[in-house]
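[1] Next one to model:
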Amino acid sequence: MNTIFHTTDNIEKKTILILKILSSEQGPMGSRLLSRYLQDYGVSLSERSVRYYLKLMDERGLTRLIGRQDGRVITEMGLAEISSARVHDKVGFAISRIENLAFRTTFDPEKRKGFLPVNVSFIPKECFKDALDAMAPAFDAGICSGDLVSSAEEGEKLGEIFIPEGKIGFATVCSVAINGVLLKHGIPMDSKFGGILQIRKKTPLRFVELIYYSGSSIDPSEAFIRGKMTSVRRAAEAGEGEILANFREIPATSLSIVEKLVSNLKKVGIKGILSIGETSEPICQIPVDVNKIGIILMGGLNPVACVQEMNIEIENHAMSTVMDYENLINFYELLEKKQ
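    Model (predicted):
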């Protein structure tokens, strides 16, 4: 029999990670599924080891066993444990999520097959049609990561995310899709920060707010939407406003390949790149490293920000899961169905 050796510090770190995974789901999870999810965060734990952790967490009241076949759910005490977890354990969680979702991206724009990263938003059922109408200007103006979306009713799933009671789930393509497609072609993309980009006369001017991924525990877009710091609808309709955007860098030598991939992605409904700079030159007043090129990506949650601007309360989960390209449809097709 193998003996499991863990320090107290390691146990605490892995406990918090398991709690975070459980908190992102709307249903119970077993050791097999948790073990697979942990791999996405670079943590290798066997099913037996996961059961060991869950037993400790049950004893502390952080999780509760629903049934041997169904697995565990997080308790109120477990949720409180996450919120009070050590700050340094939360730092960098966003950049880790970007890297893992990029790795899980398998989409091939030429074959139009594979998995893409998506954001998932929960919208009250009674407000869903109004929410779609509110998003339309952002899609009309191209202030999004693409025209591809998906929706699901309560109790159903979008990717790995369960939709809670009284809500409709809405998925938008995440800007990390660009990272993933480039990565599959051997091009590293350095994700720097997410921010609020000022638009003037329909042209990107400068970042007025930013949050570095390496120092953040949540996706910056979620924070900016929650803080009601956007004016996406005004930017879409009048060409003046503040939108969600992300800053990346690529090696200058990869530019020709990147431009070809960007062109192929546009043909299949993914058009998240707003601007590509010059070698080692600032872009939107942001300095760029030597022999690098700066890229500004549209935030995938821009359409959803329009909904929040209309005072319709929604719950956003940026960079939350991956979905098969075949399960995504054009936004306008969904809009027509809901008329």
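
[2] what's the helix or strand for residue 312?
    Secondary structure assignment for residue 312, by DSSP states H and E: no helix or strand.

[3] and what of the one 4 residues further on?
    Element membership for residue 316, per DSSP H and E: strand 315-324.

[4] For that strand, the averaged confidence score.
    The average pLDDT within strand 315-324 is 91.

[5] cool, stretch 58-75 as well?
    Confidence for stretch 58-75, expressed as mean pLDDT, is 85.

[6] which parts of it are buried?
    For stretch 58-75, a neighbour-count test (16 or more other C-beta atoms under 10 Å) marks 62-63, 71-75 as buried. All C-beta atoms are positioned from the backbone trio N, CA, C, and that covers glycine.

[7] burial count for residue 153?
    Neighbours of residue 153 under the rule other C-beta atoms under 10 Å: 11.

[8] Just name the closest of the buried residues of stretch 58-75 to residue 197, please.
    Comparing those against residue 197 with C-beta to C-beta places residue 74 closest, at 35.5 Å.

[9] just to revisit the earlier point, buried residues, the strand holding residue 316. List them.
    In terms of neighbour count (16+ other C-beta under 10 Å), strand 315-324 has its buried residues at 316-323.

[10] same thing with stretch 163-174?
    Within stretch 163-174, the residues scored as buried using 16+ other C-beta under 10 Å are 163, 167-174.

[11] in the protein, which spans are helices?
    According to DSSP state H, the chain carries its helices in the segments 8-23, 31-39, 47-59, 76-83, 87-90, 93-104, 128-141, 176-184, 220-226, 232-238, 255-267, 302-309, 331-337.

[12] and the ones you listed, which one's lowest on average pLDDT?
    With a mean of 54, helix 87-90 has the lowest mean pLDDT of these.

[13] Okay, domains of the chain per the record?
    Taking automatic domain parsing as the domain assignment, the record places the domains of the chain at 8-89, 115-337.

[14] of all those, which gets the most neighbours per residue?
    Taking mean count of other C-beta atoms under 10 Å as the contact definition, the stretch among those with the greatest mean neighbour count is domain 115-337, which reaches a mean of 19.

[15] Centre of the chain to that domain, how far?
    Between the mean C-alpha location of domain 115-337 and the chain-wide mean there is a distance of 9 Å, by C-alpha atoms, centre = their mean, to the nearest Å.

[16] Which of the buried residues of stretch 163-174 fall within strands?
    Those of the buried residues of stretch 163-174 mapping onto strands are 167-173, per DSSP state E.

[17] picking up where we left off before, switch the buried residues of stretch 58-75 over to JSON lines; also include distance to residue 115.
    Shown next, in JSON lines, are these (distance: C-beta to C-beta, whole Å):
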{"residue": "62", "distance to residue 115": "31"}
{"residue": "63", "distance to residue 115": "29"}
{"residue": "71", "distance to residue 115": "24"}
{"residue": "72", "distance to residue 115": "26"}
{"residue": "73", "distance to residue 115": "26"}
{"residue": "74", "distance to residue 115": "26"}
{"residue": "75", "distance to residue 115": "32"}
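
[18] Which of the residues you listed sits closest to residue 234?
    Minimum distance to residue 234 across those is 38.9 Å, recorded for residue 74 (C-beta to C-beta).

[19] who are the neighbours in contact with that closest one?
    For residue 74, the set of contacting residues under the criterion of C-beta atoms under 8 Å, 6 or more residues apart in numbering consists of 19, 22-23, 62-63.

[20] do that again at 7 Å, thanks
    If you count contacts by C-beta atoms under 7 Å, 6 or more residues apart in numbering, residue 74 has them with 19, 22-23, 63.

[21] Can you say which two of those are spatially most distant?
    Of all the pairs that the contacts of residue 74 form, the one spanning the most space (C-beta to C-beta) is 23 and 63, at 10.5 Å.

[22] coming back round to it: and the buried residues of stretch 163-174, which is the shakiest by pLDDT?
    Among the buried residues of stretch 163-174, residue 163 has the weakest pLDDT, 90.

[23] And that residue, how far from residue 336?
    The gap separating residue 163 from residue 336 is 22 Å, by C-beta to C-beta, to the nearest Å.
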